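**Q** okay, sequence plus prediction incoming.
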Amino acid sequence: MVTAEAALVLPVLICVTVGLAWLVLIAAAQVQCIDAAREAARLQARGEGAGVVAEAVSRLAPRGARWVVSGSDGLVVVSVHAEVSPVVPLVGRLPGVDLAADAAAAEEPQ
């Protein structure tokens, strides 16, 4: 009796575990996007060069992230976008999720 019940429940438990791991990965990637946007906005507002800002974004953001800097009226706005699609052994690639984060910083006087 217990063997049959375990055989029915085990695949469900595995699916739930994979789903939870996927949600944790997405949450971690979102935090990385937020951190990258904040750091890039801060550096850009301080007047750092594009190379320094690009290095900070590539270091902090998820792999393959894109970023855009815009600004007006003394305000710098940085948007970071990334697509996260985890690869799970025996399952393959799960559907991707587009993540985005924006951060703003006031330009510092030079």
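**A** Structure's in. What do you need?
**Q** same for the lengthiest helix in the chain, what does it pack against?
**A** In the chain, with assignment by DSSP state H, the single longest helix is helix 2-46. When contacts are defined as 3 or more C-beta pairs under 8 Å, 6 or more residues apart in numbering; DSSP states H and E, helix 2-46 packs onto helix 50-60, strand 66-72, strand 75-84, strand 87-88, strand 97-106. Yep, even glycine has a C-beta here, placed from its N, CA and C like the rest.
**Q** out of those, which gets the lowest mean score?
**A** Note on those: strand 87-88 shows the lowest mean pLDDT, a mean of 71.
**Q** grab the nearest non-local neighbour of residue 102.
**A** residue 79 (5.0 Å; C-beta to C-beta, 6 or more residues apart in numbering).
**Q** counting neighbours, what do you get for that neighbour?
**A** Neighbourhood size, residue 79 [other C-beta atoms under 10 Å]: 18.
**Q** likewise for residue 40?
**A** Residue 40: 28 surrounding residues under other C-beta under 10 Å.
**Q** contact partners for it?
**A** Residue 40 makes contacts with 53, 56, 57, 67, 69, 78, 80, 103, as judged by C-beta atoms under 8 Å, 6 or more residues apart in numbering.
**Q** quick one: residue 66 and residue 98 touch, right?
**A** No - judged on C-beta atoms under 8 Å, residue 66 makes no contact with residue 98 at a distance of 10.6 Å.
**Q** who's more crowded, those two?
**A** Regarding residue 66 and residue 98, a neighbour count based on other C-beta under 10 Å identifies residue 66 as having more, with 12 against 9.
**Q** list the beta-bridge partners for the more buried one.
**A** Taking DSSP bridges as the rule, residue 66 bridges to residue 81.
**Q** start the count at 47, not 1, going forward
**A** OK, 47 is where the count begins now, so the last one is residue 112.
**Q** ok so, going back, how near is the residue nearest to residue 148 to residue 147?
**A** For residue 125, the distance to residue 147 (C-beta to C-beta, to the nearest Å) stands at 7 Å.
**Q** who touches both of these two?
**A** In contact with both residue 125 and residue 147: residue 83, using C-beta under 8 Å, 6+ apart.
**Q** buried stuff in stretch 105-117?
**A** Residues of stretch 105-117 classed as buried by neighbour count (16 or more other C-beta atoms under 10 Å): 106, 107, 108, 111, 113, 117.
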